[in-house]
Each structure stands twice: as structure tokens, then as C-alpha cells.
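Novice: Below are the sequence and a predicted model for it; my questions follow.
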Amino acid sequence: MADEVIIEEYSAFDAGTQAPTVPHKTQVIDAGDKSAALSNTTKIIGITAREVSFWYKLGASDVSAAAETDNNLFIPVGTTRYHNVSKSSGLYIDTAQDV
């Protein structure tokens, strides 16, 4: 897979180590694609830009990310960003390649 985006889903945060616990689900998608819905037990997500920088947006099944656009988040290559989400949120993550 080229231009990999790695999405790790966690159900808990360890206050002692100040890090998410072991992921219970991992999705690997290409930048420019949309993820599957997050698991009902997911409370924290880690999004990693493994091979390319990209833009992303979290939302319902119709979410649409766009590069260099307000209300979209940017993640540089080699970076992981963490987000808290509500359990049973049903959120998706859409990505758009950087231009």
C-alpha cells in the first residue's frame, strides 16, 4: 500500500504512563481514502502519517476532507496525532492528499 495512513483505536488511556493502552483495532488506508466506522468501544484514536503528509477530518459517513481547507486538520509525515472520541460515536476519518 502506498501513502499509508494508520488509524489505531484504543478503549482506554493509562494515566500512569500518560499514553493510550494497547490498540484493539487498527485500520490501514491510503491517503485520499475514508476509514471504516470507528469501533463502538473506541475512546481514543491515533492517526499516523507513515509515508506522506495529508489532511483529515472526522465526521459522519458523509465526511469529506479537503487539502488546504478550513476545518480540516493537517498531519506531517512521520507524525501521530491523538484524539478523544465518544464511545459508540460511529465516526469516520476521511483523508485528502496534501497538494
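Specialist: That came through fine.
Novice: what is the closest residue to residue 63 other than its chain neighbours paired to in the beta sheet?
Specialist: Take residue 63 and drop its neighbours on the chain: the residue closest to it by C-beta to C-beta, 6 or more residues apart in numbering is residue 94, 4.6 Å away. C-beta: built from backbone N, CA, C; applies to glycine. As for beta bridges, residue 94 partners with residue 34, residue 57 under DSSP bridges.
Novice: Might you report the residue contacts of residue 94?
Specialist: Counting by C-beta atoms under 8 Å, 6 or more residues apart in numbering, residue 94 makes contact with 33, 34, 35, 56, 57, 59, 63, 64, 65.
Novice: Next, residue 41: secondary structure please.
Specialist: coil (DSSP: H, G, I helix; E, B strand; the rest coil).
Novice: chain center to stretch 7-23: distance?
Specialist: Distance, stretch centre to chain centre, for stretch 7-23: 14 Å (C-alpha atoms, centre = their mean, to the nearest Å).
Novice: With just CA atoms, put it into PDB.
Specialist: This file holds the C-alpha atoms of stretch 7-23, laid out as PDB (Å, rounded to 0.1, in the frame of the first residue of the first chain):
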ATOM      1  CA  ILE A   7      -5.500   4.600  12.400                       C
ATOM      2  CA  GLU A   8      -5.200   2.900  15.800                       C
ATOM      3  CA  GLU A   9      -8.300   2.700  18.100                       C
ATOM      4  CA  TYR A  10      -7.900   2.500  21.800                       C
ATOM      5  CA  SER A  11     -10.600   1.900  24.500                       C
ATOM      6  CA  ALA A  12      -8.600   3.500  27.400                       C
ATOM      7  CA  PHE A  13      -5.900   5.900  28.500                       C
ATOM      8  CA  ASP A  14      -3.300   4.900  31.100                       C
ATOM      9  CA  ALA A  15      -2.800   7.800  33.400                       C
ATOM     10  CA  GLY A  16       0.400   6.300  34.900                       C
ATOM     11  CA  THR A  17       2.200   6.200  31.600                       C
ATOM     12  CA  GLN A  18       0.300   9.100  30.100                       C
ATOM     13  CA  ALA A  19      -0.400   7.100  26.900                       C
ATOM     14  CA  PRO A  20      -3.200   5.200  25.300                       C
ATOM     15  CA  THR A  21      -3.400   1.500  26.200                       C
ATOM     16  CA  VAL A  22      -2.900  -1.300  23.600                       C
ATOM     17  CA  PRO A  23      -5.000  -0.700  20.500                       C
END
